[in-house]
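Chemist: Here is a sequence together with a model predicted from it:
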Amino acid sequence: MHHKDIVKKITELMPAECGVTKVEPEGLAVVVYIKNIDAFYKNTSLIKELANAIKKKVLIRVDPKNLMPIEEAKKEIEGLISQEAGIKKIMFVPEMSEVRIEAIKSGLVIGKGGSLLKEIMTKTGWAPIVLRAPTMPSVTLDGVRKINATGAEERKKFLVDIGKKICQPTPSSDWIRTVALGGFKEVGRSCMLLQTQHSKVLIDCGVNTATSDPAKAYPYLNMLGFSLKELDAVVISHGHMDHMGFVPYLYAYGYEGPVYCTPPTRDIMVLLQQDYINLCKKSFGVEPIYSKKDIQKELKKTITVDYNEVVDITPEIKMTLYNAGHIIGSASVHLHIGEGAHNLVYTGDIKFGFTKLFEPANTKFPRLETLYIESTYGGRNDLTINRFESENRLMDIITQTVEKRGSVLIPVFAVGRSQEILLVLEEYARKHPEFNVPIYIDGMILEASAIHTAYPEYMREQVQRRILSDRSPFESPLIKVAKGIDRETIVGGDQPAIILAPSGMLAGGPSLEYLKLMASEEKNTLIFVGYQSSVSLGHKIQRGAKEVPLMGDDGRTKMMDINMRVETAEGFSGHSDRAQLMAYLRNLRPGPERVVTMHGDLNKTEDFARSVGMMLRKESRALADLESIRLR
Ligand SMILES: [Zn+2]
Ligand SMILES: [Zn+2]
């Protein structure tokens, strides 16, 4: 809808006594500034009526001239909220007439049916935004929230510009196509361009962290055929490096538009990208492809979207993110292009099966013609044992190692598998009090877990309840943080320990450091619980290599003996196995007209595409990088 029509509709609906001073698009919402908030609250359904009329989120703010002075408002707010809420911070953002209140028990700031929020707004004029404080301290969250509150003037200007760009009349495009730019017939640098006559949107933009070879690590952005400046939007499915690791590069080379993702994805993204910069230098000995400055730029341009929210990202494209069940905040992306011209779903990484942390991936979409589906475990032999057996097997391997007074190394992604495995170990320890083995977490796992505690609503109800009632599974006394303790002390003696450390594929990071310390001893065990890329060190060891090359501190390659026990515990993957992928497809409503397989090794994407075609009796194919499909 054009902005002029939006203003017209809103002026029609708003009672004169509210005193509207300005109607302004801001990012995905439309902001209505008014003088009299009491008058607005007289009609309780007004906000809904406004949103329905313009098909957009509407934010009501009090005109800056009518706000209570900050010091006075702060006192007023502190008086209104009970001590029990555990307020951590109150930040005023005058540019947006907003006050951000961070509290441990955010429900107590909101009040029944939002009653307290209303009271804060009517008494002070400031529009309260409630943020949940993590139950464990998180440097990332502090940083993200600070950047969002400072530099508000610049942020506002950016959001208004984006809002204006989106609120244009809907053009109709003669053609729609997608171009595979990375992560097709491979796992790593996921990236896909959706292009129409009038829009250019990038979905995911990852790096393959298992290799330092630029020809294999980065997506084919050089083949875009236009400059990065011309991109309208970037959508990120979830916070794994193979889906978002390359985004700061876009900002380093001229992109200035928005990144859309869920709130947890934004935080995890910033955390892992910063870690990647350090990893490049330390583990690969190469200069990182972008700097911290570029990550900050990205953060300032990130617009978060919750699950199931329909938003306009260009004048002709509506986007909705749905739960993908893979990691915290992970999403499948639904795009509605033109006035019903085409609907596509890009699954991202999906788990359609049981995990302790998340509900299975969503399978109901409003409309669907083309489905892009991940096929990490789409090969015909990719069938895993059930979850119950998986947990038993994992615990068997661990107890056998502990009996020999050996230690266990579990290389994991900092986000996803580490929290899932922590929950398994924590539950086992609760049920078996005699199991008294310390669980060390290293690298970014602590920080990633802390971010989880700020978003309980993104997890299964059981975990949610525990976090909200101060019994967070991530804060079990058995879990120890390896920071400040010598790694040799942890694994050197004959005191058994379980170590969870990134990276998940032993491509650098603390897991590789532990491996160097533990590999020679037969009593120790290495357990793989996640995907090992075919170019990774983890893959070689998993395949049975007894001697692997390692780069020493002096830059020379040495050989390392692997004498420790090596096991793979299946069934913990955040990805669906072949049967779960097939079940996902059978459960899709509506069924797609066409299926494209991606995010899997070459033979798996092809094999999976063939099987899907036979099962659904629809067009089904595996696309390769640089291939494109015309959707209209
Ligand atoms: Zn992933
Ligand atoms: Zn992935």
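Modeler: On my side now, so go ahead. Keep in mind that what you see is a predicted model, and the values were worked out from it rather than measured. Numbering: from 1, shown residues only. Ligands and ions are numbered 1, 2, ... in the order given.
Chemist: what's the burial count for the closest residue to ligand 1 within the stretch 501-632 of the chain?
Modeler: Nearest residue of the stretch 501-632 of the chain to ligand 1, counting by C-beta to the ion: residue 574, 6.3 Å away. (Glycine included, C-beta is placed from N, CA and C.) By other C-beta atoms under 10 Å, 28 other residues sit near residue 574.
Chemist: Verify the contact between it and residue 415 for me.
Modeler: No. Applying C-beta atoms under 8 Å, one finds residue 574 not in contact with residue 415, separated by 9.5 Å.
Chemist: any residues in contact with both of those two?
Modeler: The overlap between the contact sets of residue 574 and residue 415 (C-beta atoms under 8 Å, 6 or more residues apart in numbering) consists of residue 327.
Chemist: Now the residue of the stretch 501-632 of the chain closest to ligand 1. Its backbone dihedrals?
Modeler: Backbone dihedrals for residue 574, given as degrees, to the nearest 10, come out at phi -80, psi 0.
Chemist: swap in the one 5 residues further on?
Modeler: Torsion angles at residue 579 (phi, psi; degrees, to the nearest 10) stand at phi -70, psi -40.
Chemist: Check what pLDDT it gets.
Modeler: pLDDT recorded at residue 579 is 96.
Chemist: if I look at it, how far off is residue 187?
Modeler: Per C-beta to C-beta, to the nearest Å, residue 579 is found 19 Å from residue 187.
Chemist: Looking at those two now, which is surrounded by more residues?
Modeler: Legend: neighbour count by other C-beta under 10 Å for residue 579 and residue 187, higher for residue 187 (27 against 14).
Chemist: Residue 507 in helix, strand or coil?
Modeler: The three-state label given to residue 507 by DSSP: H, G, I helix; E, B strand; the rest coil is coil.
Chemist: can you pull the contacts of it?
Modeler: Residue 507 makes contact with 209-211, 283, 536-538 under the criterion C-beta under 8 Å, 6+ apart.
Chemist: Most neighbours of all these, which one?
Modeler: Neighbour counts for the contacts of residue 507 were taken using other C-beta under 10 Å; the highest belongs to residue 209, with 29 neighbours.
Chemist: Give the burial count for residue 90, as a bare number.
Modeler: Look at residue 90: counted by other C-beta under 10 Å, it has 18 neighbours.
Chemist: and it, which of the three is it?
Modeler: Note that with three-state DSSP, the state of residue 90 is strand.
Chemist: residues touching it, list them.
Modeler: Remark: with contacts taken as C-beta under 8 Å, 6+ apart, residue 90 is in contact with 74, 77-78, 99-102.
Chemist: again, only using 7 Å
Modeler: With contacts defined as C-beta atoms under 7 Å, 6 or more residues apart in numbering, residue 90 is in contact with 74, 77, 99, 101.
Chemist: Just to check, the second one is in contact with residue 121?
Modeler: Meaning residue 77. No. Contact criterion C-beta atoms under 7 Å: residue 77 and residue 121 do not qualify, at 10.4 Å.
Chemist: Now do the same contact list for residue 315.
Modeler: With contacts taken as C-beta under 7 Å, 6+ apart, residue 315 has the following neighbours: 166, 168-171.
Chemist: Could you dump the residues you listed into JSON lines and include distance to ligand 1?
Modeler: JSON lines is the format used below for the contacts of residue 315 (distance: C-beta to the ion, whole Å):
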{"residue": "166", "distance to ligand 1": "29"}
{"residue": "168", "distance to ligand 1": "34"}
{"residue": "169", "distance to ligand 1": "38"}
{"residue": "170", "distance to ligand 1": "33"}
{"residue": "171", "distance to ligand 1": "34"}
